[in-house]
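> Here is a sequence together with a model predicted from it:
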Amino acid sequence: MDAGEEEARSAYVKSTSELDVELSKPVFFVNSQGDVEKIHAILRDLRIADSDVKTEPASASIFKLTFKATALRGDKLKRFEDALKKGKCECISDGIVPWFPRKIAELDITASRVLSAGAELESDHPGFKDPNYRKRRREFAEKANSYKHGEPIPKMAYNEVERGVWSTVFNKLSQLYPTHACREHNDAFKRMIERCDYKNDDLPQLETISQYLRSTTGVRLRPVAGLLSSRDFLAGLAFKVFHSTQYIRHHANPEYTPEPDVCHELLGHAPLFANQDFADFSQEIGLASLGASETFIEKLATLYWFTIEFGLCKQDGNYKAYGAGLLSSFGELKYSIEDAGPPDRKGFDCEEASTTWYPITRYQPIYFVTESFKDAIQKMRKYAKTSGRAFTIKYNKEAESVEAVKI
């Protein structure tokens with residue numbers, strides 16, 4: 001990690017009645033001169049110079065302390081916060097708001113924080129005992145980890161085994177789409193066959209798809225080595241960036257993958273990103289995540305699960321799938337649409353969807369049915385106001401940046 005990344009990762013904003021959104025400048029508010037003196041004593045213990053923090057009155061009884069970007073790097077921020085609690089220094093705030101990217105290029109920081117499913121595999125993974133497969137996963141991970149914003153996405157040459165897996169998945173799913181997928185997906189899927197080299201005997205390239213999506217809805221793809229945290233993944237959506245894997249599931253069982261793979265990304269997700277309303281709905285979830293509390297991030301991740309991954313809609317009186325988890329699974333796609341008994345289908349409600357428990361390793365017992373993507377956008381914007389943030393986020397399409405605006 002270079003100094004710039006370390007600095008950005010340690011940046012926090014402390015929010016109260018006013019909001020300081022300068023990148024990498026931690027801000028604290030205290031309510032007495034005595035606490036200011038305690039804090040300066042703590043800083044001396046941490047060997048932080050007085051010149052590294054600016055103290056100024058924020059009101060008649062509140063003091064604002066603004067630190068230089070380099071003052072609380074590494075573990076110093078946590079040590080400082082721990083010392084505040086121990087010294088019973090009262091900071092006026094409703095919580096620390098984690099650093100979040102303000103510019104699309106800053107996704108270079110978050111994209112590298114892969115939690116799992118990258119080069120290292122769990123012991124129960126179908127490819128764990130296959131040295132050739134594990135070697136390929138490392139190759140995919142290295143390509144993704146070296147990628148930087150603005151570069152062409154590396155082209156991957158898929159081998160015969162990988163192309164065979166793609167062919168199996170592509171053929172089975174494309175037979176189900178006309179009757180089981182929503183019309184927005186089917187319309188886009190036809191266009192991507194024409195424009196993005198979708199075919200059954202070889203995999204399309206992320207760069208080709210990304211260029212097409214940018215020209216239609218403004219969405220771009222970005223390669224990622226594996227699973228990101230919910231916070232980091234959703235932050236990408238705020239900038240209309242979808243983090244996509246390039247590795248493919250193990251050939252031993254083409255119908256199953258324990259983690260998102262290129263089949264899931266390109267067959268389930270990518271076509272719908274060519275629909276403007278769906279792309280905008282996805283972005284609204286991402287914008288709501290920036291600077292949100294961990295509790296609200298968890299709610300948004302659950303809401304994402306029940307919509308972008310496993311969402312249904314109703315068209316011409318019939319249930320249709322738009323969630324990528326359904327559109328990339330032969331079995332659950334049929335189960336969610338065809339079975340009249342087991343699944344419970346409910347009208348989409350953000351609060352209910354964000355707090356409903358869901359299983360990861362078996363078919364969903366509940367599906368939420370969206371009236372339309374335009375309706376989902378309006379519901380999502382209203383729900384974002386319940387986040388508890390002291391600010392709202394505005395997206396600048398031309399600059400591909402966001403601005404935090406005090407409420």
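In hand now; what should we look at?
> Can you show me the CA trace of the host helix or strand of residue 141 as CSV?
In the assignment (DSSP states H and E), residue 141 maps to helix 131-146. This file holds the C-alpha atoms of helix 131-146, laid out as CSV (Å, rounded to 0.1, in the frame of the first residue of the first chain):
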residue,chain,number,x,y,z
PRO,A,131,-4.1,-27.1,-9.2
ASN,A,132,-4.8,-25.9,-12.8
TYR,A,133,-7.9,-24.2,-11.8
ARG,A,134,-6.2,-22.5,-8.8
LYS,A,135,-3.5,-21.3,-11.0
ARG,A,136,-6.0,-19.7,-13.4
ARG,A,137,-7.7,-18.0,-10.4
ARG,A,138,-4.4,-16.5,-9.4
GLU,A,139,-3.9,-15.2,-13.0
PHE,A,140,-7.3,-13.6,-13.0
ALA,A,141,-6.7,-12.0,-9.6
GLU,A,142,-3.3,-10.6,-10.7
LYS,A,143,-4.9,-8.9,-13.7
ALA,A,144,-7.7,-7.5,-11.7
ASN,A,145,-5.5,-6.2,-8.9
SER,A,146,-3.2,-4.4,-11.3
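> Could you tell me how far it lies from the centre of the chain?
22 Å (Cα atoms, centre = their mean, to the nearest Å).
> where along this structure do the strands fall?
With strands called from DSSP state E, the chain shows them at 12-14, 27-30, 53-57, 63-67, 96-98, 220-223, 241-244, 312-315, 318-321, 344-347, 366-370, 391-396, 401-406.
> quick one: residue 109 and residue 102 touch, right?
No - look at residue 109 against residue 102 with Cβ atoms under 8 Å: they stay out of range, at 11.1 Å. For every residue, glycine as well, the C-beta is placed using N, CA and C.
> which residues in the stretch 151-300 of the chain form helices?
Assigned by DSSP state H, counting those that start in this stretch, the helices in the stretch 151-300 of the chain fall at 160-180, 183-195, 206-216, 230-238, 262-263, 276-289, 294-304.
> so how far does stretch 202-221 reach from one end to the other?
Start and end residues of stretch 202-221 are separated by 19 Å (Cα to Cα, to the nearest Å).
> Columns mean neighbour count on top of the helices of the stretch 151-300 of the chain, output as TSV?
TSV is the format used below for these (neighbours: other Cβ atoms under 10 Å):
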stretch	mean neighbour count
helix 160-180	17
helix 183-195	18
helix 206-216	19
helix 230-238	23
helix 262-263	24
helix 276-289	23
helix 294-304	19
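> now the ones you listed in a markdown table, with mean pLDDT?
Output for the helices of the stretch 151-300 of the chain, formatted as a markdown table (pLDDT from 0 to 100):
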| stretch | mean pLDDT |
| --- | --- |
| helix 160-180 | 97 |
| helix 183-195 | 97 |
| helix 206-216 | 98 |
| helix 230-238 | 96 |
| helix 262-263 | 97 |
| helix 276-289 | 98 |
| helix 294-304 | 94 |
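> so what's the residue nearest to residue 377 when sequence neighbours are not counted up against?
Once flanking residues are discounted, residue 377 sits nearest to residue 281: 5.0 Å by Cβ to Cβ, 6 or more residues apart in numbering. Contact analysis of residue 281 by Cβ atoms under 8 Å, 6 or more residues apart in numbering lists 307, 373, 376, 377, 380.
> now, the most widely separated pair of those residues?
Pairwise distances across these peak at 11.2 Å for 307 and 377 (criterion: Cβ to Cβ).
> So if I had to pick from the two, which one is more boxed in?
residue 307 (25 against 18; other Cβ atoms under 10 Å).
> how much space between the more buried one and residue 107?
22 Å (Cβ to Cβ, to the nearest Å).
> picking up where we left off before, I'd like the helices of the stretch 151-300 of the chain laid out as JSON lines, including distance to residue 330.
Below are the helices of the stretch 151-300 of the chain laid out as JSON lines (distance: least, Cβ to Cβ, whole Å):
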{"stretch": "helix 160-180", "distance to residue 330": "5"}
{"stretch": "helix 183-195", "distance to residue 330": "15"}
{"stretch": "helix 206-216", "distance to residue 330": "22"}
{"stretch": "helix 230-238", "distance to residue 330": "25"}
{"stretch": "helix 262-263", "distance to residue 330": "11"}
{"stretch": "helix 276-289", "distance to residue 330": "22"}
{"stretch": "helix 294-304", "distance to residue 330": "23"}
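> nearest to residue 38, of those helices?
Nearest to residue 38, of all the helices of the stretch 151-300 of the chain, is helix 294-304, at 27.6 Å by Cβ to Cβ.
> I'd like the distance from the closest one to the chain centre, please.
11 Å.
> what's that helix in contact with?
230-231, 234, 285, 288-289, 292, 350, 353-356, 358, 383, 387-388.
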